[in-house]
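Enquirer: Structure for this input, please:
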Amino acid sequence: MTIHGDHPFLPPENERSPVRRFRGRLPSPVGLWTTAHEGERAGLTVSSMLVADGEPGYVLGLIDPDSDLWETLRKARTAVVALLGEPHRQLADAFGYVAPAPGGPFRLIDWTDTDWGPAPAGAITWAGCTLVDPDPPEVGWAVQVQLEIVHVELAADDVPALVHRRGRYVTI
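Expert: Model (predicted):
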């Protein structure tokens, strides 16, 4: 067996989308979106997202319409958006389905059940949100999900933010 430094499913450079490569050069926050409905939990690492300040505030994100997260979020209509930091790389990979998580990614850390879904226990900043539209517009490969921020938990200790750029995690 040989271990390669490159991603095993990465297409050759001449076959990669120039738009995706353009987007990849933008630093993006790494968030973990989680939800639960009738005992079923779902989560997904999301880096195509932004937060809009205001009264109320919103989180906008691009979500794979075929993901378990989207299927469950449409039913639950609530979600937790957690901001991941340097210590959460393994969690980000597990919920991004690019790293193994025996028993599922929800077994990697402790969780607190909230009115909006499972929130990572401990010092992680997160927001409890409600889904604005269960039939959002399609944008490229994704659906453009809009969540209204209802509740915010700010971590006491600010850990270096995890950012995704050019297929890798970096911290700022």
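Enquirer: okay, CA-based contacts and neighbour counts for the rest of this
Expert: Will do.
Enquirer: Return the residues in contact with the residue nearest to V59 when sequence neighbours are not counted.
Expert: With sequence-adjacent residues excluded and distances taken as CA to CA, 6 or more residues apart in numbering, V59 is closest to V51, at 4.5 Å. By CA atoms under 8 Å, 6 or more residues apart in numbering, the residues touching V51 are G57, Y58, V59, L60.
Enquirer: Just name the closest of the residues you listed to P120, please.
Expert: Proximity of the contacts of V51 to P120 (CA to CA) peaks at V59, which lies at 18.0 Å.
Enquirer: List the contacts of the strand or helix carrying the closest one.
Expert: Counting by DSSP states H and E, the element that carries V59 is strand 58-63. Where contact means CA under 8 Å, 6+ apart, the residues beyond strand 58-63 that reach it are 46, 48-52, 70, 139, 142-149.
Enquirer: Go again with 7 Å.
Expert: Contact with strand 58-63 is made by 48-52, 70, 142-149, as judged by CA atoms under 7 Å, 6 or more residues apart in numbering.
Enquirer: With stretch 142-153 instead?
Expert: Applying CA under 7 Å, 6+ apart, the contact partners of stretch 142-153 are 56-65, 125-133, 136-138.
Enquirer: List the pairing partners of the top strand by length along the chain within its sheet, with orientation.
Expert: Secondary structure of the chain per DSSP state E: the longest strand is strand 142-153. Strand 142-153 has its sheet partners listed here by DSSP bridges as strand 58-63 (antiparallel), strand 126-131 (antiparallel), strand 138-139 (antiparallel).
Enquirer: Please name whichever of those strands is nearest to H164.
Expert: strand 58-63 (14.5 Å).
Enquirer: next structured bit after the closest one?
Expert: As assigned by DSSP H and E, the chain's next helix or strand after strand 58-63 is helix 68-76.
Enquirer: Residue ranges in this protein under the pLDDT threshold?
Expert: Within the chain, the stretches with pLDDT under 70 are 1-10.
Enquirer: So which residues of it form strands?
Expert: With DSSP E as the criterion, the chain has strands spanning 28-29, 31-37, 40-46, 49-52, 58-63, 78-83, 111-114, 117-120, 126-131, 138-139, 142-153, 162-165, 168-171.
Enquirer: so which of those is the most packed in?
Expert: Highest mean neighbour count of the strands of the chain: strand 78-83, a mean of 27 (counted as mean count of other CA atoms under 10 Å).
Enquirer: Report all helices and strands that that strand contacts.
Expert: strand 31-37, strand 117-120, strand 126-131 (3 or more CA pairs under 7 Å, 6 or more residues apart in numbering; DSSP states H and E).
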